[in-house]
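# Whatever this is, show me its structure:
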Amino acid sequence: MAYKALYRTYRPATFDEIAGQEHITKTFRNALKNDKIAHAYLFSGPRGTGKTSIAKIIAKAVNCEHAPVENPCNECDICRGIEDNSITDVIEIDAASNNGVDEIREIRDKVKYLPGVGKYKVYIIDEVHMLSIGAFNALLKTLEEPPKHVIFILATTEPHKIPATIHSRCQRFDFRGVSIPEMIGRLNTIVDEENIAIEKEAIKVIAESAEGGMRDAISLLDQVVSYTDQKVKINDVHAIKGTVSNDKLLNIADAIYKNNSIEAIKQLEDLVLLGKEAPRLVENLIKFYRDLLIFKNVNTDDKDQLIYSEPSFIELSKKLSNNLIFFYIDALNKAKNDMKWTTNSKLYMELALIKMVDKVEKQEIVIIDEFENLRDKINHLQEKIDNLEYIPPKEETKVEEKVEIQEEIAHDFINIPTNDPISSEKKEEKEEKVEIEEVKLDEHVVDDSPLYSKDDIEDKKADVEEETEEANLFNTVVEEIVEKKEPYSTFDIRYIEDVLNNANREIKISMNMRWFDIEREATHSNLSYARMITEGRLVATDSKMIIIEYLTPSICNRMMKPEIKNQIVKILCDFYNKELDYLALPKVVWEEKSQEFIQKWKLGETNIKLSPINHPDLKGMPTINHSVEDMTPDSVKEAINMFGSDLVKVKKGDK
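Sure thing, here's the model as predicted:
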């Protein structure tokens, strides 16, 4: 007897053997048991999912000698006759080759005849979407009101090509692709029945390669078994299917991640030598990166894909960001489209790999990923700081003690006037020292052997008086009221106040006219920074400081980071040939502050002061150093030069 293919041998004979279509089998079980069968059905779905198999089961069930039943018995003469096609009451028609009006008219003429053996005549029309418009029109009336002994079952893989008039006359059932676990269960049953030696991993690869088609999976199993006389392994499946093993894909992906173009090209060459085609390699890589995206962003199970359980795959998924994976897929998809128009498809595969490892091509994506990682770390640290409990100190801190010591030293050396009783006592002690010195000088005059002459004594007194006058004069100078201006914070409202109070509309217009030339004239190394500038809108300037408006606070935070700001300030200064600084503001903040300024200006205010910027998403940059006008008097600077900034403490004196 001739060999019978496995997909024919194991074609489902009952609803229990159908894999993955429970929503359909349950409906027909109940309909058959309760004898509520409709006159026309439309089965739609992918190839190899059981459409014609269920149609044959229904044909047997409605004509079974034990009807009504949930499943045909497959033992009575009618069931066996339908199975071996010896009973003519079940008519299978291939609409792809019988799509004319004449064939449908022949069906219409014969439906009026009663079935020869069974209770029903069942017409199974496969690929019904291939019928011509005239054939569909010829079928309409018969399909709407057929004789009571006729059932129509239409099957198609393209339901959108079926006219709406046919749809409305049928009960439609949509078949879905068979899931991998369901497919593996059915394949295991066949393997056990046929005593096939095969690895479990190989069965899973077969199920994944079938892409939801049960018939395709069984056919591939049949083909792989014929390929080898020994136990079927994963590599045998890949050899037959023309796909690439997970290990090879992981090696290529790892080389791409490490920007190792030499290793990536070498892996490609090895696969081409093994007979793998470049278009198939591209498809495999696209599917590989698709699996990475699904694994990273969706709750997956190890049973879904064999590669999900690979440790190296899990590790790689942690390293790659979504943005980078999308970049890889775009590069591969472009290569796949280009391959359609060339005879040298390998060339475009090599170009795609080089583009994927090129640092310049993905520089912007890498920078964005680094910023996002840094932001996540900062947010994580901020959460830890917020969760820390505040413990009030029991004693004075060392900083306060140091301040007190500095104040005492400053009082000793500078003699700053104050109401503090301690400083008054020290002043009296200094005066007493002068008096004692004078007394000692007088004693030396009375002594028989004086140490100093009268001229020396007079000179000494003069020196002491001069020192006292200089000290008092110095004290008077230091008594000036000095207030040190606080440095500007990252998003300080004083920036906006300074710019708006001194705004120059003409300069703003001239700068805006050249705004987008910043990106056009940027060098290759500065292009990404130039694009960051032109993404915003210059809204105000006083010729020294510009305010740039952006849509979101996150962009403003990035623009104000010191390492980025230094680069952008340099670009602006070089481009406009002047010293410039900038402040990046979200659109909502700029609109709020500009409206506040306009309202106060309309009321006639001058040197307008605005309320502080308060936006929860704006982050201060502690490392930024802004130049602030030095308001320290020259006398205080001289004191700091003489005694050091650690010893001089300037306090606000009386006006």
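# Run through the stretch 251-400 of the chain and note the low-pLDDT ranges.
The model of the stretch 251-400 of the chain has pLDDT under 70 over residues 299-304, 360-364, 366, 369, 389-400.
# the helices in it, which residues?
Secondary structure of the stretch 251-400 of the chain (DSSP state H, counting those that start in this stretch): helices at 261-273, 278-297, 311-319, 322-338, 345-357, 363-387, 398-414.
# what's the closest of those to D247?
Nearest to D247, of all the helices of the stretch 251-400 of the chain, is helix 311-319, at 8.5 Å by C-beta to C-beta. No exception for glycine: its C-beta is placed from N, CA and C like everyone else's.
# helices and strands around the closest one, which ones?
Applying 3 or more C-beta pairs under 8 Å, 6 or more residues apart in numbering; DSSP states H and E, we find helix 311-319 packed against helix 246-257, helix 278-297.
# Let me have the ones you listed in TSV, extended by mean neighbour count and distance to E144.
Listed next are those as TSV, based on neighbours: other C-beta atoms under 10 Å; distance: least, C-beta to C-beta, whole Å:
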stretch	mean neighbour count	distance to E144
helix 246-257	20	53
helix 278-297	18	45
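# out of these, nearest to I564?
For the helices and strands packed on helix 311-319, the distance to I564 is smallest for helix 246-257, at 25.7 Å, taking C-beta to C-beta.
# List the contacts of the closest one.
261, 263-264, 267-268, 271, 284-285, 288-289, 306-307, 310, 312-313, 316, 319-320, 328, 353, 356-357 (C-beta atoms under 8 Å, 6 or more residues apart in numbering).
# Apply 7 Å and report the result again.
With C-beta atoms under 7 Å, 6 or more residues apart in numbering as the test, helix 246-257 has contacts from 263-264, 267, 271, 284-285, 288, 306-307, 310, 312-313, 316, 319-320, 353, 356-357.
# Please pick the buried ones from those residues.
The neighbour count (16 or more other C-beta atoms under 10 Å) marks 263-264, 267, 271, 284-285, 288, 306-307, 310, 313, 316, 320, 353, 356-357 as buried among the contacts of helix 246-257.
# Can you list the low-confidence ranges for the stretch 551-655 of the chain?
622-655.
# Helices of that one, residue ranges please.
553-559, 562-576, 587-602, 634-643.
# okay, the ones you listed, which one's buried deepest?
Comparing the helices of the stretch 551-655 of the chain by mean neighbour count (mean count of other C-beta atoms under 10 Å), helix 553-559 comes out on top with a mean of 20.
# need the helices and strands packed on helix 311-319 in CSV with distance to T9, can you?
Below are the helices and strands packed on helix 311-319 laid out as CSV (distance: least, C-beta to C-beta, whole Å):
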stretch, distance to T9
helix 246-257, 31
helix 278-297, 30
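# following the helix or strand that contains I57, which helix or strand comes up?
Using DSSP states H and E, I57 sits within helix 51-63. The C-terminal neighbour of helix 51-63 among helices and strands, as given by DSSP H and E, is helix 77-83.
# by contact count, what packs against that next one?
Applying 3 or more C-beta pairs under 7 Å, 6 or more residues apart in numbering; DSSP states H and E, one finds that helix 77-83 contacts helix 51-63.
# What residues of the helix it packs on count as buried?
Across helix 51-63, burial judged by 16+ other C-beta under 10 Å covers K51, S53, I54, A55, K56, I57, I58, A59, K60, A61, V62, N63.
# Which of the residues you listed sits closest to K578?
K51 (75.2 Å).
# that older thread, spatially, which two of the buried residues of helix 51-63 are the most separated?
The widest separation within the buried residues of helix 51-63 (C-beta to C-beta) is 19.4 Å, between K51 and N63.
# With adjacent residues omitted, what lies nearest to I307?
N246 (4.8 Å; C-beta to C-beta, 6 or more residues apart in numbering).
# do the same with D542
Among residues not flanking D542 along the chain, N502 sits closest, at 4.0 Å (C-beta to C-beta, 6+ apart).
# quick revisit: can I get the buried residues of helix 51-63 in a markdown table with pLDDT and distance to M532?
Listed next are the buried residues of helix 51-63 as a markdown table, based on pLDDT from 0 to 100; distance: C-beta to C-beta, whole Å:
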| residue | pLDDT | distance to M532 |
| --- | --- | --- |
| K51 | 90 | 56 |
| S53 | 91 | 60 |
| I54 | 92 | 60 |
| A55 | 92 | 62 |
| K56 | 91 | 66 |
| I57 | 92 | 65 |
| I58 | 92 | 65 |
| A59 | 91 | 69 |
| K60 | 91 | 70 |
| A61 | 91 | 69 |
| V62 | 91 | 71 |
| N63 | 89 | 75 |
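# Arrange these in CSV, one row each, with distance to E182 as further columns.
Shown next, in CSV, are the buried residues of helix 51-63 (distance: C-beta to C-beta, whole Å):
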residue, distance to E182
K51, 16
S53, 15
I54, 15
A55, 20
K56, 20
I57, 18
I58, 21
A59, 24
K60, 23
A61, 22
V62, 27
N63, 29
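# so where does K204 fall, helix or strand?
Using DSSP H and E, the element containing K204 is helix 200-210.
# Which elements pack onto that helix?
Under the contact criterion of 3+ C-beta pairs under 7 Å, 6+ apart, the helices and strands touching helix 200-210 comprise helix 180-194, helix 214-227, helix 234-241.
# same for the second one, what does it pack against?
What it means is helix 214-227. helix 6-9, helix 180-194, helix 200-210, helix 234-241.
# buried ones in that helix?
M214, R215, D216, A217, I218, S219, L220, L221, D222, Q223, V224, V225.
# Give me the buried positions along stretch 186-197.
R186, L187, I190, V191, I196.
# Now the first one: closest residue in space, sequence neighbours ignored.
Residue nearest to R186 in three dimensions, not counting chain neighbours: A19, with 4.5 Å by C-beta to C-beta, 6+ apart.
# Also the second one?
The shortest distance from L187 to any residue that is not its chain neighbour, by C-beta to C-beta, 6+ apart, is 5.3 Å, and that residue is I203.
# how close does that neighbour sit to D270?
Relative to D270, I203 is positioned 27 Å away (criterion: C-beta to C-beta, to the nearest Å).
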